[in-house]
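*Asks:* A structural model of the following input is requested.
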Amino acid sequence: MKSSLRFVASCWLAALTQLNLPAGRAAEATPPQYPSLPSETPEKFEPKRDRFDHTRREMMIPMRDGVKLHTVILVPKGATRAPILLTRTPYDADKLTGHAESAHLGPVLQGYDNATDVIVEGGYIRVVQDIRGKHGSEGDYVMNRPPRGPLNPTPVDHSTDTYDTIEWLVKNTPETNGKVGILGISYDGFLPLMALFNPHPALKVSVPMNPMVDGWMGDDWFHNGAFRQQNMPYIHDQQATRKSTEKWWTSYFDDYDVYMQAGSAGELGRQRGLEQVGFWRKILEHPAYDAFWRDQAVDKLLAAQPLQVPVMIVHSLWDQEDIYGAIAVYAALEPKDTNNDRVFLVLGPWHHGQEIGDGSSLGALKFGSDTALHFRREILRPFLDHYLKDDAPPANVAPVNAYETGTNRWRQQPAWPAPPLRPTPLYLRAGGKVDFAAPRTDESPFDEYISDPAKPVPFRARPIQPIGYGEFTWPRWLVDDQREASGRPDVLVFVSDSLTAPTKISGQPIANLVASTSGTDSDWVVKLIDVYPDEVAGQSAMGGYQLMVSADIFRGRYRQSLERPQPIAANEPQSYRFALPTANHVFLPGHRIMVQVQSSWFPLYDRNPQTFVPNIFWAKPADYRKATQRIYHQPNRASFIELPAAPVERR
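*Replies:* Predicted coordinates for the structure are as follows:
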């Protein structure tokens with residue numbers, strides 16, 4: 001046996017000797033050497049694009065602080081003295097300029113955020129740039145980076161980055177005529193507004209579409225103090241990594257369950273590690289409308305700036321993301337336009353960003369024509385050409401182009417809203433009625449319902465999908481049929497008789513509620529609805545349809561001060577007055593006007609615990625309590641919607 005072991009050991013040592021390795025390094029033996037088989041991949045591949053109808057250049061453009069921003073420049077073949085259309089984005093310039101692997105510019109651009117037909121047919125040089133801190137650009141990312149000032153102590157902001165970018169482009173793009181326009185949607189629409197601060201002389205026009213303007217008052221993060229918690233995945237994905245590669249996770253098919261299981265939005269953020277993200281920490285620290293929000297509200301900032309660049313502001317009447325900002329910016333800029341020829345407004349019957357897609361329908365609504373194509377061909381293209389091309393004819397674009405829903409017609413107006421307007425109260429009456437006549441003394445004083453945070457009112461029929469596009473139905477939720485809500489016991493419904501004449505509204509309806517709660521805090525949701533006739537010839541699915549025309553939420557703790565929340569005195573009627581989103585709508589004969597009132601809109605908005613706590617983000621399970629809600633309709637306590645009534649045009 002010992003001789004056998006000695007034989008095996010001698011063979012093992014001989015093998016090691018043959019490999020020239022010590023016995024202790026047997027595990028580190030070099031791999032066997034094979035004949036060479038060279039790689040078939042070149043060290044650098046030079047693509048052949050001579051048959052393309054455009055040239056693609058990728059540049060790192062230096063800013064004044066040394067940071068370089070990744071920029072894609074697409075130049076049509078043969079372009080000479082062509083203007084530049086610039087979009088700055090946090091959503092990946094490569095992706096926005098690479099929607100297809102094609103030799104043709106149209107397919108390459110067809111998708112977000114490109115008005116492709118305008119760009120290609122207009123012969124524009126297309127430039128898309130990653131903003132600092134995102135994707136291919138250097139620097140630090142800050143959500144909606146504020147202008148230099150109290151919230152931004154650095155020497156750079158989006159206005160300086162835009163200026164430096166335009167300066168480089170006009171000097172280093174030989175095919176351009178030196179004229180630049182900036183445009184974009186949503187976050188990309190916020191950036192054309194920032195370009196208006198100390199604009200570069202070559203910037204000739206700005207087109208903010210569906211812009212983010214005031215994240216607390218009525219755009220992405222809050223509406224009147226109620227937190228839009230379904231945007232938490234966006235915050236997570238946008239800031240967790242430079243390239244947005246880390247994704248929000250879920251364990252429920254129905255988003256209603258995702259947010260219910262966590263309890264509060266603060267707790268859900270903790271479960272997802274969101275406290276690592278800087279913007280989320282700021283949201284938690286600033287639930288009220290304090291200086292943090294006021295000092296970066298773009299409409300307020302622009303109101304203090306001179307108007308130096310023509311602006312076309314584009315608003316979607318059913319914008320499910322940024323329904324506040326465009327109208328607020330128009331109100332801030334229009335007083336500066338003394339000749340009524342530098343501030344333009346477009347209101348279309350679209351969801352967020354639909355103006356660059358197909359605008360012939362939205363959900364169940366059919367408009368009879370492609371309203372978005374009309375906008376691009378008849379309004380946007382002539383407007384851009386007029387300011388950016390050397391030999392373009394006058395644009396002949398009206399100061400306001402407003403699509404009138406109900407009649408489905410474009411209207412050209414000198415201003416928004418167009419005079420004469422007649423503020424008209426639509427009263428909530430006993431017996432579930434709304435009427436233009438005030439309540440009487442012999443009517444019951446109020447209607448009531450029980451609001452239970454354990455069973456919040458869904459903002460749309462379940463199962464509720466996450467915020468998203470493509471396979472998701474999120475873009476059309478504002479035109480969802482509201483019959484599901486109208487049948488709930490925790491939703492009050494007030495409806496008119498059938499109209500015998502058309503009723504038009506143009507502007508912002510104002511909710512005026514006299515309400516009480518048995519709790520010490522409460523949310524109030526008010527929805528103005530067009531109820532279709534019981535049967536609609538040719539559109540059977542529209543029979544009895546309840547179409548939201550304008551709706552919003554208000555967090556009761558801010559009824560006296562948006563900055564300093566206060567508890568509500570239990571069971572005492574209080575007045576609440578807040579604006580609903582802009583509408584331009586005709587309630588047709590045979591239709592009815594409906595108002596719905598409720599106290600939750602979940603899970604789009606976080607639940608109010610209905611018990612006053614210092615910060616609702618950290619409300620505990622025991623804080624969430626049922627409350628009895630009363631809406632009053634007495635002569636001295638009248639609840640009503642102030643309608644911006646307008647004359648009905650007969651053609």
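*Asks:* Spit out the contact partners of the most centrally placed residue in the chain.
*Replies:* Geometric centre of the chain, nearest residue: E321, 3.3 Å, by C-alpha atoms, centre = their mean. Taking C-beta atoms under 8 Å, 6 or more residues apart in numbering, we find E321 in contact with S186, N210, D219, D220, H352. (C-beta placed from N, C-alpha, C; glycine too.)
*Asks:* Neighbour count for those residues - can I get that in CSV?
*Replies:* Listed next are the contacts of E321 as CSV, based on neighbours: other C-beta atoms under 10 Å:
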residue, neighbour count
S186, 25
N210, 31
D219, 27
D220, 23
H352, 21
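*Asks:* can I get those in a markdown table with pLDDT?
*Replies:* Converted to a markdown table, the contacts of E321 look like this (pLDDT from 0 to 100):
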| residue | pLDDT |
| --- | --- |
| S186 | 98 |
| N210 | 98 |
| D219 | 98 |
| D220 | 97 |
| H352 | 98 |
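*Asks:* Narrow the residues you listed to those in helices?
*Replies:* Using DSSP state H, no member of the contacts of E321 falls within helices.
*Asks:* follow-up on the earlier one: secondary structure element for the residue nearest to the centre of the chain, which one?
*Replies:* Secondary structure assignment for E321, by DSSP states H and E: no helix or strand.
*Asks:* what separates P489 from A331, distance-wise?
*Replies:* For P489, the distance to A331 equals 39 Å [C-beta to C-beta, to the nearest Å].
*Asks:* which residues of the stretch 101-250 of the chain fall in helices?
*Replies:* 105-109, 116-121, 158-172, 187-194, 232-240 (DSSP state H, counting those that start in this stretch).
*Asks:* Can you tell me which of those helices is most buried?
*Replies:* Of these, the one with the most neighbours on average (mean count of other C-beta atoms under 10 Å) is helix 187-194, at a mean of 27.
*Asks:* quick one: average pLDDT of that one?
*Replies:* Averaging pLDDT along helix 187-194 yields 98.
*Asks:* What lies in contact with that helix?
*Replies:* The contact list for helix 187-194 (C-beta under 8 Å, 6+ apart) reads 87-91, 113, 131, 144, 147, 157-159, 162, 182-184, 206-213, 298, 302, 314, 322, 325, 329.
*Asks:* Now with 7 Å, please.
*Replies:* 87-90, 113, 144, 158-159, 162, 182-184, 206-212, 298, 302, 329 (C-beta atoms under 7 Å, 6 or more residues apart in numbering).
*Asks:* quick one: it to chain centroid distance?
*Replies:* 12 Å (C-alpha atoms, centre = their mean, to the nearest Å).
*Asks:* cool, and stretch 461-476?
*Replies:* 14 Å.
*Asks:* Give me the average confidence score over it.
*Replies:* Mean predicted lDDT for stretch 461-476 stands at 96.
*Asks:* which residues of the stretch 301-450 of the chain fall in helices?
*Replies:* Under DSSP H, counting those that start in this stretch, the stretch 301-450 of the chain gives helices at 325-333, 371-374, 381-388.
*Asks:* Please apply the same query to the stretch 451-600 of the chain.
*Replies:* With DSSP H, counting those that start in this stretch, the ranges of helices along the stretch 451-600 of the chain come out as 483-486.
*Asks:* so T628 is in which element?
*Replies:* Secondary structure from DSSP H and E places T628 in strand 627-632.
*Asks:* so what secondary structure elements neighbour that strand?
*Replies:* Strand 627-632 makes packing contacts with strand 446-451, strand 510-517 when contacts are defined by 3 or more C-beta pairs under 7 Å, 6 or more residues apart in numbering; DSSP states H and E.
*Asks:* Just the buried positions in it, please.
*Replies:* A627, Q629, R630, I631, Y632 (16 or more other C-beta atoms under 10 Å).
*Asks:* taking the mean pLDDT, what do you get for that strand?
*Replies:* Strand 627-632 shows a mean pLDDT of 98.
*Asks:* repeat for stretch 321-332
*Replies:* 98.
*Asks:* Go through that stretch and flag the buried ones.
*Replies:* For stretch 321-332, burial by neighbour count (16+ other C-beta under 10 Å) applies to E321, D322, I323, Y324, G325, A326, I327, A328, V329, Y330, A332.
*Asks:* need those in a markdown table with distance to A29, can you?
*Replies:* Shown next, in a markdown table, are those (distance: C-beta to C-beta, whole Å):
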| residue | distance to A29 |
| --- | --- |
| E321 | 61 |
| D322 | 64 |
| I323 | 69 |
| Y324 | 69 |
| G325 | 67 |
| A326 | 70 |
| I327 | 74 |
| A328 | 72 |
| V329 | 71 |
| Y330 | 75 |
| A332 | 75 |
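*Asks:* okay, and for the chain, where does confidence drop off?
*Replies:* Scanning the chain for pLDDT under 70 picks out the ranges 1-28.
*Asks:* Thanks again, I'm all set now.
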